[in-house]
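Any chance you can model this:
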Amino acid sequence: MAGFLLHVLGAAAIASLVVTGVMAYEGSLQLAGHSKQQRNKSRDRSNSDPPEM
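Prediction:
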């Protein structure tokens, strides 16, 4: 039981580190201005799609 709890806590800690790293990476991209271009591309793509009925 204790081993299982350690395994779950370890997995949660790793997942939290990964999420933190991804958020920091996205933040650095926003500072560099790259994410604006990606947002505009995805917005243009969604505008060209026909509206779903």
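
What number of residues are in the vicinity of S16?
10 (other CB atoms under 10 Å). Any C-beta I mention is one placed from the backbone N, CA and C, and that applies to glycine too.

pLDDT at it, what is it?
pLDDT for S16: 97.

tell me the SS of it?
With DSSP: H, G, I helix; E, B strand; the rest coil as the basis, S16 sits in helix.

Give me the distance between it and V8.
Separation of S16 from V8 (CB to CB, to the nearest Å) stands at 13 Å.

Over to E26?
27 Å.

just I14 next, same as before
According to CB to CB, I14 and V8 sit 11 Å apart.

G21 too?
Counting by CB to CB, the gap from G21 to V8 is 20 Å.

what number of residues lie near L29?
Neighbours of L29 under the rule other CB under 10 Å: 14.

Would you tell me what helix or strand it is located in?
Per DSSP states H and E, L29 falls inside helix 2-32.

And that helix, what does it pack against?
Other helices and strands packing on helix 2-32, by 3 or more CB pairs under 8 Å, 6 or more residues apart in numbering; DSSP states H and E, are helix 34-48.

pLDDT on the helix it packs on, on average?
Mean predicted confidence for helix 34-48 is 56.

Contact partners for L31?
Going by CB atoms under 8 Å, 6 or more residues apart in numbering, L31 touches no other residue.

Any figure for the gap between it and L17?
L31 sits at a distance of 21 Å from L17 (criterion: CB to CB).

same deal with S28?
Taking CB to CB as the measure, S28 falls 16 Å from L17.

what does V8 give?
15 Å.

next one: A32
A32 sits 23 Å away from L17, going by CB to CB.

same thing with G27?
In terms of CB to CB, G27 sits 16 Å off from L17.

what does Q30 give?
20 Å.

ok, now how distant is Y25 from L9?
25 Å.

Equivalent analysis for V18, please.
Distance from V18 to L9, by CB to CB: 15 Å.

can you check M23 too?
Distance from M23 to L9, by CB to CB: 21 Å.
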